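K.L.:
Build the 3D model from these lines:
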Amino acid sequence: MKNLNSTCFNAAVILCLLCFLFLTGCTTVSTAKIPEIRFDAENGVYTAAAVSYGSDTKQKFDIFLPDDYKSKENIDIIVLIHGGSYYAGSRLDLRGTCIDMTKRGIAVATIDYRLVSPVNNVFLKEMFEDVCLAIDKIAFVCHANNIKLDKAALMGFSAGAHFAMLYSYKMIESSPLDLVFCIDYVGPADLRDETFLAKVEDKRFEKLGKMFKKRLGVENMRDAIPYFMDYSPVEYITPSSIPTICAYGKKDEIVPFSECETLKRTFDSLGCTYELTVFPNSNHPLNAPEDAPLHEIVTGQIEDYMKKYF
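P.N.:
Got it, this is the predicted structure:
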């Protein structure tokens with residue numbers, strides 16, 4: 001990790017973010033057949049692809065390992081969780097980014113999880129259970145293949161950042177991974193936020209809002225605040241929570257900036273370690289031209305955290 005090429009890594013992280021922008025409690029893992037790790041000669045990395053951790057077609061993940069992983073005593077890993085407003089997105093959109101990051105000496109895993117749709121009953125509980133199960137299975141697959149994982153980080157985008165934070169703060173004691181930091185790109189941190197709850201009434205999210213209300217059995221999203229409290233990352237932050245790197249857009253029309261303010265206030269009140277970069281001119285995609293240099297700051301923070309905590 002200490003020899004990670006800065007320019008290439010920055011490009012990989014920004015590409016990962018752009019992939020997301022385009023789309024814009026856990027049980028024990030079964031000891032089923034051990035997935036095979038194969039060498040991808042075209043890309044020069046090893047992979048365990050489309051590994052199932054449940055019966056649903058969405059319950060899959062990929063693991064990417066550097067070509068010299070067999071000679072390493074142990075290896076650090078970053079788990080990526082895609083965004084997509086809880087109803088869209090795929091791990092496959094991040095494949096190129098995963099390969100690029102892996103070539104620079106780290107293990108990377110990227111997961112799919114079940115999404116909200118008109119034909120299922122999936123909501124936050126089921127999605128978060130998927131994230132937990134996937135991480136359990138990632139650790140199992142590595143152990144079964146004699147891969148010793150050292151330190152780990154979770155990295156998420158929007159809805160994926162919500163789950164990355166929730167897992168990092170809530171599951172830290174029971175996780176099979178030794179989590180040392182979290183990376184949050186525009187993730188909802190407090191689902192009880194009035195402005196956030198009002199988004200389901202927005203014309204752009206009308207269909208999604210109807211599905212949310214149906215899942216929760218309510219006519220008004222505010223009636224479901226006790227449910228949302230259970231899945232709000234800020235509820236699980238403590239003074240000993242792992243360090244977090246955060247990036248938010250001041251003009252975000254999807255995840256309101258009040259989410260960022262609540263997260264910062266919580267971190268400050270508890271004395272937590274965190275880095276926050278605000279993109280003052282950017283909407284949810286963090287792509288305002290005048291804010292472009294800020295991406296270098298965030299990826300520099302990620303590099304610094306890897307050097308410090310990995």
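
K.L.:
Contact partners for D184?
P.N.:
Going by CB atoms under 8 Å, 6 or more residues apart in numbering, D184 touches 156, 161, 164-165, 244-247, 263. C-beta: built from backbone N, CA, C; applies to glycine.

K.L.:
Quick check: buried residues in whichever helix or strand I99 is part of?
P.N.:
Here I99, judged by DSSP states H and E, is contained in helix 95-102. Within helix 95-102, the residues scored as buried using 16 or more other CB atoms under 10 Å are 95, 97-102.

K.L.:
Output that helix as CSV, nothing but the C-alphas.
P.N.:
The C-alpha trace of helix 95-102 is given here as CSV (Å, rounded to 0.1, in the frame of the first residue of the first chain):
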residue,chain,number,x,y,z
ARG,A,95,-15.6,-3.6,-12.3
GLY,A,96,-13.1,-1.5,-14.2
THR,A,97,-12.4,0.6,-11.1
CYS,A,98,-11.9,-2.5,-9.0
ILE,A,99,-9.4,-4.0,-11.4
ASP,A,100,-7.5,-0.7,-11.6
MET,A,101,-7.3,-0.4,-7.8
THR,A,102,-6.3,-4.0,-7.4
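
K.L.:
right, and the helix or strand after that helix?
P.N.:
Assigned by DSSP H and E, the successor of helix 95-102 is strand 107-111.

K.L.:
how far away is D268 from L149?
P.N.:
From D268 over to L149 the distance is 32 Å, taken as CB to CB, to the nearest Å.

K.L.:
Between these two, tell me which one has more neighbours.
P.N.:
Taking neighbours as other CB atoms under 10 Å, D268 and L149 compare with L149 leading, 18 against 10.

K.L.:
Could you double-check that the more buried one sits in contact with I77?
P.N.:
Yes: taking contacts as CB atoms under 8 Å, L149 lies within contact range of I77: 5.5 Å.

K.L.:
Now for the two: what residues contact both?
P.N.:
Overlap of the contact sets of L149 and I77 (by CB under 8 Å, 6+ apart) consists of 107, 142, 177.

K.L.:
before we move on, back to that, please narrow the contacts of D184 to those residing in strands.
P.N.:
Among the contacts of D184, the members found in strands (DSSP state E) are 156, 244-247.

K.L.:
Spatially central residue for the protein, please.
P.N.:
The chain has G156 as the residue nearest its centroid, 2.3 Å off, counting by CA atoms, centre = their mean.

K.L.:
Let me know the pLDDT of that one.
P.N.:
At G156, the model reports a pLDDT of 95.

K.L.:
residue contacts, it?
P.N.:
G156 is in contact with 80-83, 162-165, 183-185, 187, counting by CB under 8 Å, 6+ apart.

K.L.:
Would you enumerate the residues in contact with the closest residue to it other than its chain neighbours?
P.N.:
If the residues on either side of it in the chain are set aside, G156 comes closest to A164, at 3.3 Å by CB to CB, 6 or more residues apart in numbering. Residues in contact with A164, defined by CB under 8 Å, 6+ apart, are 79, 81, 154-156, 182-184, 187.

K.L.:
Could you do L197 as well?
P.N.:
Counting by CB under 8 Å, 6+ apart, the residues that L197 touches are 191, 221-222, 228.

K.L.:
Make a ChimeraX selection of the buried ones in those residues.
P.N.:
Filtering the contacts of L197 down to the buried ones (16+ other CB under 10 Å) takes a single ChimeraX command:
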select :191,221,228
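
K.L.:
what bridges to the nearest residue to I297 once chain neighbours are set aside?
P.N.:
Sequence neighbours aside, T277 is the residue nearest to I297 in space, at 5.4 Å (criterion: CB to CB, 6+ apart). Per DSSP bridges, the residues bridged to T277 are A247.

K.L.:
Next, find the distance separating T277 from K264.
P.N.:
Using CB to CB, T277 is found at 11 Å from K264.

K.L.:
swap in E126?
P.N.:
Separation of E126 from K264 (CB to CB): 30 Å.

K.L.:
same check, this time on A107
P.N.:
Per CB to CB, A107 is found 31 Å from K264.

K.L.:
Show me which of the two is the more surrounded one.
P.N.:
Comparing A107 with K264 by other CB under 10 Å, the one with more neighbours is A107, at 27 against 17.

K.L.:
Per-residue pLDDT of the more buried one, please?
P.N.:
Note on A107: pLDDT of 97.

K.L.:
And R222, by the same measure?
P.N.:
You'll see R222 listed with a pLDDT of 89.

K.L.:
residues touching it, list them.
P.N.:
By CB under 8 Å, 6+ apart, the contact set of R222 is 194, 197.

K.L.:
I'm done for today, thanks for sticking with me.
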